[in-house]
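Chemist: Need coordinates for the below:
(one chain, ligands or ions: 1)
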Amino acid sequence: MRVRALRKTYRTFTLREVVAVDHLDLTVPAGGVHAFLGPNGSGKTTTIRMLLGLARPDAGTVHLFGTPVPERLPDVIGRVGAIVENPKFVPGFSGRRNLRLLATAVGVPHTRVEEVLERVGLRERGVDQFRRYSLGMKQRLAIAATLLKDPDLLIFDEPTNGLDPAGIRDIRATMRGLADEGRTVLVSSHILAEVEQVADTVSVVARGRLLAEGRVADLLATEAASAVAVVVSDRSRATALLAACGWSVGTDGPRLVVTGARDAREVNEALARGEVFAEEVVVLRRDLESVFLELTGPPDATAGAVGGVSNGDLS
Ligand SMILES: Nc1ncnc2c1ncn2[C@@H]1O[C@H](COP(=O)(O)OP(=O)(O)OP(=O)(O)O)[C@@H](O)[C@H]1O
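Modeler: Coordinates of the predicted model:
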């Protein structure tokens, strides 16, 4: 999937213009889990709606499987399964019956319903009424529905919102499994821990713009230069030695925190050359959360920058 210079503005009821997506570029490699990560209001849902032809861009291009969308959406939509808004299931029908209705609507045989129920671990509970399902089961049924057409690309908008840890783990495992089958999973999230654990690649957005993209591991390595903490008895001598190497030196309780060095070994060597011997050397790796916060800035600043319209505008 390839998105270039995508733009979408909304007008609020007070006729104020809200730029929801602002010159956004997005590249989602085929196969694997790609996280679309950004704080609330950063334009993720709006972007996904444009990918699916549910909203019309003001400018920019979208290609799904190399095909321009929305112009030729009918050619490719059969290869895409998505959960964007809360899927509409009939509360009084069983999970199985709900899926059979959908299967008939999209023209796939009922045997496929059994396969997808099995796939999301709901086969045993297929007879239960939808209204009796837990939130996690409802979400798994929604994923089952997206799988009916055996899609190559799955798009999930915040699929773990409101789920408990077990539910989150199930959805994460399901996404991983789908990617391992060779499908592409695009998942939007503002929950960093999820992304870090399940995604192969990530795009970080804020205020409708792309801030960073790449492999999760690379993003952590390049954006999150690690710091090294040392405990030494002669702190002032150590500080002078480390500063002389051009590194910045802060303190964290009894530890000196060194940033700018390549690795712990380099720090240790610099100290030893000056005959200061560290009692403790620890590499402090930043997690994706600190990278993300660094890139997107404080949440309040983000909300203000996109206009902060009320939910009432989000119909
Ligand atoms: N129909 C609409 N009318 C007016 N403004 C809208 C509409 N839909 C979205 N917006 C605004 O566009 C911006 C982006 O919203 P969007 O829902 O795409 O972000 P998001 O990243 O999906 O956020 P969230 O995680 O909260 O769903 C926000 O400022 C939002 O208030």
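Chemist: Is F130 in contact with S94, as I believe?
Modeler: Yes - at 7.0 Å, F130 and S94 qualify as touching, with contact defined as Cβ atoms under 8 Å. Using the backbone N, CA and C atoms, a C-beta is placed for each residue, glycine as well.
Chemist: any idea how far L153 lies from the ligand?
Modeler: To the ligand, L153 is 19 Å away according to Cβ to the nearest ligand atom, to the nearest Å.
Chemist: hang on, I meant G66
Modeler: 25 Å.
Chemist: any idea how far the ligand is from S134?
Modeler: 23 Å.
Chemist: mind checking pLDDT for that residue?
Modeler: The model reports S134 with a pLDDT of 92.
Chemist: Can you name the residues that contact it?
Modeler: S134 makes contact with G167, according to Cβ atoms under 8 Å, 6 or more residues apart in numbering.
Chemist: One more: K8?
Modeler: V19, A20, V21, G43, T46, T47, M50, A55, P57, D58, G208.
Chemist: shouldn't the fourth one be in contact with L26?
Modeler: No - because the distance of 10.6 Å does not satisfy Cβ under 8 Å, G43 is recorded as not touching L26.
Chemist: still on that earlier bit, which of the contacts of K8 count as buried?
Modeler: By neighbour count, with 16 or more other Cβ atoms under 10 Å, the contacts of K8 hold V19, A20, V21, G43, T46, T47, M50, A55, P57, G208 as buried.
Chemist: mind listing which of the contacts of K8 are in helices?
Modeler: Mapping the contacts of K8 onto helices (DSSP state H) picks out T46, T47, M50.
Chemist: Out of those residues, which are close to the ligand?
Modeler: Contacts with the ligand are made by T46 out of the ones in helices among the contacts of K8, judged by Cβ under 6 Å from any ligand atom.
Chemist: and the residue sitting furthest away from the middle of the chain, what element?
Modeler: Computed with Cα atoms, centre = their mean, the residue of the chain farthest from its C-alpha average is E275, at 46.8 Å. E275 belongs to no helix or strand when assigned by DSSP states H and E.
Chemist: Given the helix or strand where L211 lies, what are its sheet partners and their directions?
Modeler: Using DSSP H and E, L211 falls within strand 209-215. Strand 209-215 has its sheet partners listed here by DSSP bridges as strand 201-206 (antiparallel).
Chemist: looking at this, V258 is in a strand?
Modeler: Yes - the assignment for V258 by DSSP: H, G, I helix; E, B strand; the rest coil puts it in a strand.
Chemist: If I look at V216, what pLDDT would I see?
Modeler: Looking at V216, its pLDDT stands at 81.
Chemist: what's the neighbour count on the nearest residue to L141 once chain neighbours are set aside?
Modeler: Spatial nearest neighbour of L141, chain neighbours left out: G95 (5.0 Å); criterion: Cβ to Cβ, 6 or more residues apart in numbering. For G95, the tally of surrounding residues (other Cβ atoms under 10 Å) stands at 27.
Chemist: how much space between G95 and D200?
Modeler: When distance is defined by Cβ to Cβ, to the nearest Å, G95 is 30 Å away from D200.
Chemist: list the contacts for the residue of the stretch 151-300 of the chain found nearest the ligand?
Modeler: Using Cβ to the nearest ligand atom, the single residue of the stretch 151-300 of the chain nearest to the ligand is H190, 5.5 Å away. By Cβ under 8 Å, 6+ apart, H190 lies in contact with L37, G38, P39, N40, S42, E158.
Chemist: pLDDT value on the nearest residue to the second one once chain neighbours are set aside, please?
Modeler: What that stands for is G38. Closest residue in space to G38, ignoring its immediate chain neighbours: V205 at 3.9 Å, by Cβ to Cβ, 6+ apart. Listed pLDDT for V205 reads 90.
Chemist: what about V205, how many residues close to it?
Modeler: V205: 26 surrounding residues under other Cβ under 10 Å.
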